[in-house]
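[1] based on what follows, work out the 3D shape:
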Amino acid sequence: MKTAFITGANRSIGLETAKQLSKQGSFVYLGSRNLENGEKVVQELSEQGYQNIKAIEIDVTNPESISKAKNMVEKEKGKLDILINNAGILGVIPQTTTETSVNNIKEVFETNFFGVINVTQAFLELLKKSDGPRISNITSGLGSLTLHSDPTWKYYHVKNAAYGPSKSALNAYTIALAYELRELPFKINVIDPGYTATDFNAHSGPGSVESAASFIIKHTLTDENGPTGQYFSNDIEDETGISPW
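    Okay, the predicted model is just below:
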């Protein structure tokens with residue numbers, strides 16, 4: 001049985017991903033900033049018949065919280081097979097480049113970029129003990145510089161100073177991480193679940209959490225010949241799902 005850890009998994013896409021991974025036979029640590037909220041969700045899932053899901057407290061901006069989570073996984077499982085860095089924040093809206101404060105931008109980067117690095121580095125030791133470690137960093141189409149430079153792109157006018165740039169930085173970090181670990185059996189990719197209807201965007205997106213989670217899992221549970229250092233998007237309308245950087 002594979003062991004997966006998903007940050008920000010007590011609701012929306014992260015929660016649905018945990019549910020689908022559980023159904024497929026993985027043991028899932030459901031990461032939540034508030035343990036009580038996470039345990040409440042797990043109890044509800046248990047009543048619905050889901051098994052092998054456990055709430056774990058983690059704040060990706062708090063090194064002590066990350067260390068405690070890592071130690072728990074190590075004590076209980078000894079290794080980690082799948083890390084899905086899903087936790088993220090949108091930040092204060094609007095985010096104009098001329099008026100958004102640096103503090104607001106830093107706050108978004110603290111979770112969406114530095115938080116991912118903190119978690120990844122902490123869990124790397126446990127991932128290296130897996131026969132086929134997978135790291136999926138959940139990004140956004142708004143992180144694509146190529147698409148942002150294309151006036152014909154349907155989201156061309158959705159520009160901001162914090163959220164999109166934090167995902168662009170995450171994409172760049174993922175490329176470097178995948179390259180550095182290329183000689184090991186890691187598969188490390190960024191995955192955009194697409195514009196999905198969630199609490200994150202006041203349910204304005206056209207996509208479903210079921211589709212988003214399925215897409216994440218498809219590009220996470222790859223075999224030894226799968227790609228690494230790639231950018232996949234559920235909004236790309238071709239069979240590869242590969243997005244331009």
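[2] return the residues in contact with the spatially most central residue of the chain.
    Compute the mean C-alpha point of the chain, and by CA atoms, centre = their mean the closest residue is residue 86, 2.5 Å away. Contacts for residue 86 (CB atoms under 8 Å, 6 or more residues apart in numbering) come out as 6, 7, 8, 9, 13, 14, 17, 31, 138. The way it works is simple: take the backbone N, C-alpha and C, and place the C-beta from them, glycine included.
[3] against residue 81, how distant is the second one?
    Spelled out, that is residue 7. Counting by CB to CB, to the nearest Å, the gap from residue 7 to residue 81 is 15 Å.
[4] who's more crowded, these two?
    residue 7 (27 against 21; other CB atoms under 10 Å).
[5] sorry, back to before: closest one to residue 216 out of the contacts of residue 86, please.
    For the contacts of residue 86, the minimum distance to residue 216 (CB to CB) is 5.4 Å, reached by residue 17.
[6] leaving out sequence neighbours, find the closest residue to the closest one.
    What sits nearest to residue 17 in space, not counting adjacent residues and going by CB to CB, 6 or more residues apart in numbering, is residue 213, at 4.2 Å.
[7] just the helices in this protein please.
    12-23, 35-47, 63-77, 102-109, 115-127, 145-148, 163-180, 209-218 (DSSP state H).
[8] packing partners of the longest one?
    The elements that helix 163-180 packs onto, with contact taken as 3 or more CB pairs under 8 Å, 6 or more residues apart in numbering; DSSP states H and E, are helix 102-109, helix 115-127, strand 134-138, strand 187-192.
[9] so it versus helix 115-127, what angle?
    Helix 163-180 runs at 30 degrees relative to helix 115-127, counting by axes from the mean of the first three to the mean of the last three CA atoms, to 10 degrees.
[10] shaky segments in the protein?
    Across the chain, nothing is flagged by pLDDT under 70.
[11] residues touching residue 14, list them.
    6, 7, 8, 30, 31, 84, 86, 87.
[12] from memory the fourth one sits against residue 37, does it?
    The reference is to residue 30. No - counting by CB atoms under 8 Å, residue 30 stays clear of residue 37, with 10.1 Å between them.
[13] who has more neighbours out of these two?
    residue 30 (27 against 14).
[14] contact partners for the more buried one?
    6, 9-10, 14-15, 18, 38, 41-42, 53-56.
[15] cool, and residue 6?
    14, 17, 18, 21, 28, 29, 30, 31, 84, 86.
[16] circling back: which residues are in contact with both of residue 30 and residue 37?
    residue 10.
[17] what comes into contact with stretch 119-136?
    5, 7, 58, 60, 63, 66-67, 69-70, 73-74, 77-85, 177, 184-191, 216, 219-224.
[18] and it, what's buried?
    Of the residues in stretch 119-136, 119-120, 122-124, 126-127, 130, 132-136 count as buried by neighbour count, 16 or more other CB atoms under 10 Å.
[19] now the terminal residues of stretch 200-217, how far apart.
    20 Å (CA to CA, to the nearest Å).
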